[in-house]
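[1] no sequence for this one, just the structure:
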């Protein structure tokens, strides 16, 4: 059975197993060292205070994850969020990242976020195509913004509206007030057709 749900503390090792190869063997992540399970759990918990961190579970195995995070600190940015998704190598090209993003956007929409931003380390044609297929539009590039694996690399930035219209926003709704509600459960399930 496949489900999308919020990450739990016991998922941390599996999530880190998905993320570690992106740190060690690619330029996708600008991190250089794999964090400890304890520090990564703290990172997940900290993000979950305000943003959803979702996992895609296939028969009790965490196959991928996606989350929202802070875009910028100043007050006027609060309705924007950065998003990321990672899928285990054994589960790629099965629609898991798209399903996770679908549920993530539904959750972020409920909270009142308006725009999602994604940064892609270049070159990464597969990620560019994936994000554009989901409706992201290119908004700019940072050239030579990071140095990893002996090379300077750039990042492409894309954006996608989360709401159907841009209107005067209300305050962001806390996850605590949404968890367990019918709307929240529907948002989580929406990526799997729930």
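    Sure thing, it's come through. Please read these numbers as outputs of a predicted model, since none were measured by experiment. Residues are numbered from 1 along each chain as shown.

[2] How far off centre is stretch 63-77?
    In terms of C-alpha atoms, centre = their mean, to the nearest Å, the centre of stretch 63-77 is found 8 Å from the chain centre.

[3] can you list contacts of that stretch?
    The contact list for stretch 63-77 (C-beta atoms under 8 Å, 6 or more residues apart in numbering) reads 7, 11, 15, 18, 44, 47, 50-57, 80-88, 90-91, 94, 96-97, 100-101, 103-104, 107-108, 113, 116-117. In short, each C-beta sits where N, CA and C put it, glycine included.

[4] Which among the residues you listed count as buried?
    Neighbour-count burial (16 or more other C-beta atoms under 10 Å) is assigned, among these, to 7, 11, 15, 18, 44, 47, 50-57, 80-88, 91, 96-97, 100-101, 103-104, 107-108, 113, 116-117.

[5] Among these, which ones are in strands?
    53-57, 80-87, 116-117 (DSSP state E).

[6] which of those sit farthest apart?
    57 and 80 (28.5 Å; C-beta to C-beta).

[7] Show me what whichever helix in the chain runs longest is packed up against.
    Criterion DSSP state H: the longest helix present in the chain is helix 96-111. Applying 3 or more C-beta pairs under 8 Å, 6 or more residues apart in numbering; DSSP states H and E, one finds that helix 96-111 contacts strand 2-6, strand 53-58, strand 61-70, strand 80-87, helix 125-133, helix 175-178, helix 182-189.

[8] Between helix 182-189 and it, find me the angle.
    Helix 96-111 runs at 160 degrees relative to helix 182-189, counting by axes from the mean of the first three to the mean of the last three C-alpha atoms, to 10 degrees.

[9] Residue ranges in the chain under the pLDDT threshold?
    Within the chain, the stretches with pLDDT under 70 are 194.

[10] go with 80
    193-194 (pLDDT under 80).

[11] In it, which residue sits furthest out from the middle?
    When distances to the mean C-alpha position of the chain are computed (C-alpha atoms, centre = their mean), the maximum falls on residue 150, with 26.9 Å.
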